[in-house]
Every structure is written in structure tokens, then in C-alpha cells.
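Trainee: Quick one, what's the 3D model for this:
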Amino acid sequence: MADGVVSHLISHGIWDGGKKLGRRVAGWRYARIYGPDVCDNGLHLVYAALNPPVARTSDGQPVHHVFTKPGLPGAAFSMSAAVNDCELRAVKYLAESVAANTHGWTILTSDEAIADRSDLTFVSFGLTSNRKTVQLLENPANLFVRVDLDPVRFVSKISSRTILSPSQTEDYGVITKIHPSNLPDRTWICCGGFGEWGTSGAAWYLARKWRDLNSRFGKGPFVVIVRVRPAQDESAELVIMAGTSEELERQARGPA
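Mentor: The predicted structure is shown next:
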């Protein structure tokens, strides 16, 4: 009886130790993509805070309750800032991924709250609506893409050639990872789309396919563009993947 108990305790200890070791190994691999802060100091998940629309009555008085809710006809609500639903989905994917693969934690914050902070590691959601995404795309370390608005397209940062343009039937999202030029120990990643499903689909891809990205790029920077069917984040599939600007140039789909 005693021998059986001892054997059980030893087996349980080995099993528990094996799980902890496996989690540490997974965390190490995970940190190659997201940076060591994901295990040590926390990964900032950054949504874009948007101002509500300005509305006035016929006699010019401001209307504060400008938001409505499905299922509650006639009800109206006010708030000082709004958040796009696609960014909440994106946050969910990354928060669940961090929790499942590391002993670290995530820090949910708006782009406005950390607009003036650079010495941190983050994943931002949205393109031109998110100030941290804009900072990432404008950083000298980003040698991959920029976003043009007229016409809307993903453009090579080096040559200004069109990388990809919107589709009538599908959305596209871009994932860009850099180590900022003045803070090479930090990791900045953005997930943004032409539309909302491109943004959340890109975040889904990053959260679910990080092992593939680690195998391909390790600690290095990269750009990934995915195709997403509307209302189906899990449909995100790879279109373009590159670890250098030269590699991306070879996949450009149009002229400057």
C-alpha cells in the first residue's frame, strides 16, 4: 500500500514536472514571436479608442445618446469613447493565446492611453485608426508595408509598388512585426485590415499560427497578409509572407 502511494506521488511529480517543462519550452518559443516581455513584463494589447459621432437636434442642441442596441428598440446610450467589435474579437484571440502558451499576462489598453509611450512591447489592432499601428508603420525599422488611402491598398514601403488592393468579395488583413529602430529589444506587432474582418482575421491567424511563424521567422521581423471571408475570422488563410523587403518586393502585385 505504502509503495503504491509513493509510486503514485513519484509518477504525479514526474507528470507535473513534465507539464511545467513543456510550458516553459512553449513560452520560450512563444517569446520568439512576441518578444520576452510576453513572459516577463506583460504584452500590451492595444485597441483604437474612437470618438462617438457628433449629433444635434433640429434646434442645434447636442445629442449625447447616439448609440443604439439590437433588441432594444427606442433605447439610446452614450459613451465617451467607442471600440470596434472587430478589435474586441482580436483582443480575445491574443489574450487566450497568451494565457494558453505562457505564464505571462496581457495588458489591455487604448492607443490614446499609451500614445506617447514607445519603450514597451505591444500588439495593436486596426490600421490608420490606431495610433500605435501608425507609429509602427512609420518607424524606420518597418521596411515592409504602408497603407495608402487613395486608392486604398497595401504598398511596399521601399518601392511604393502595390502589394495588394481590396476585393469586392473578401477582406484582407496584414500582420507586421518589427523591432523599433531606437528600441531593438522591444517588439511591435500590428494586425489590421482593409475592413473589420481583415483586422480580426489577421489577429486570429497570429494567435493560432504563431508556431508556423516561429518556424519561419524566429525572432526576426516579418509581414504576413491573409485573406478572410466576411464574418469568418477562422477562414483566414495565407496570401503573402516575407521576412525581408526584397522577399516582399518579389510578391508585389502591381505598379507604383
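Trainee: got the end-to-end distance for stretch 49-58?
Mentor: Using C-alpha to C-alpha, to the nearest Å, the end-to-end distance of stretch 49-58 comes to 28 Å.
Trainee: what's the offset of it from the middle of its chain?
Mentor: Centroid separation for stretch 49-58 versus its chain: 28 Å, with C-alpha atoms, centre = their mean, to the nearest Å.
Trainee: need the helices for this structure, in chain order.
Mentor: Secondary structure of the chain by DSSP state H: the helices cover 2-34, 37-40, 85-101, 131-138, 196-208, 210-217, 245-249.
Trainee: In TSV, list those helices along with mean neighbour count.
Mentor: No exception for glycine: its C-beta is placed from N, CA and C like everyone else's. TSV is the format used below for the helices of the chain (neighbours: other C-beta atoms under 10 Å):
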stretch	mean neighbour count
helix 2-34	12
helix 37-40	20
helix 85-101	19
helix 131-138	21
helix 196-208	26
helix 210-217	16
helix 245-249	16
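Trainee: Among those helices, which comes closest to Leu50?
Mentor: Leu50 lies closest, by C-beta to C-beta, to one member of those: helix 85-101, at 9.7 Å.
Trainee: Pull the residues that contact that closest one.
Mentor: The set of residues external to helix 85-101 that reach it, using C-beta atoms under 8 Å, 6 or more residues apart in numbering, is 23, 26-27, 30, 34, 38, 43, 45, 47-48, 104-106, 108, 123, 125-126, 191, 193, 196-197, 199-200, 202-204, 206-208, 210, 233.
Trainee: Ok, which of the helices of the chain comes nearest Gln61?
Mentor: helix 85-101 (29.6 Å).
Trainee: what's the angle between the closest one and helix 196-208?
Mentor: Angle between the axes of helix 85-101 and helix 196-208 is 0 degrees (criterion: axes from the mean of the first three to the mean of the last three C-alpha atoms, to 10 degrees).
Trainee: Could I get the CA-only coordinates of helix 85-101 as PDB?
Mentor: These are the backbone C-alpha positions of helix 85-101, laid out as PDB (Å, rounded to 0.1, in the frame of the first residue of the first chain):
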ATOM      1  CA  ASP A  85     -16.200  45.000 -32.300                       C
ATOM      2  CA  CYS A  86     -13.600  43.500 -34.500                       C
ATOM      3  CA  GLU A  87     -10.900  44.800 -32.100                       C
ATOM      4  CA  LEU A  88     -12.600  43.100 -29.200                       C
ATOM      5  CA  ARG A  89     -12.500  39.900 -31.100                       C
ATOM      6  CA  ALA A  90      -8.900  40.400 -31.900                       C
ATOM      7  CA  VAL A  91      -8.100  41.100 -28.200                       C
ATOM      8  CA  LYS A  92      -9.900  37.900 -27.200                       C
ATOM      9  CA  TYR A  93      -7.800  35.800 -29.600                       C
ATOM     10  CA  LEU A  94      -4.500  37.100 -28.400                       C
ATOM     11  CA  ALA A  95      -5.400  37.100 -24.700                       C
ATOM     12  CA  GLU A  96      -6.500  33.500 -24.900                       C
ATOM     13  CA  SER A  97      -3.300  32.600 -26.800                       C
ATOM     14  CA  VAL A  98      -1.000  34.200 -24.300                       C
ATOM     15  CA  ALA A  99      -2.800  32.500 -21.400                       C
ATOM     16  CA  ALA A 100      -2.600  29.100 -23.100                       C
ATOM     17  CA  ASN A 101       1.000  29.300 -24.000                       C
END
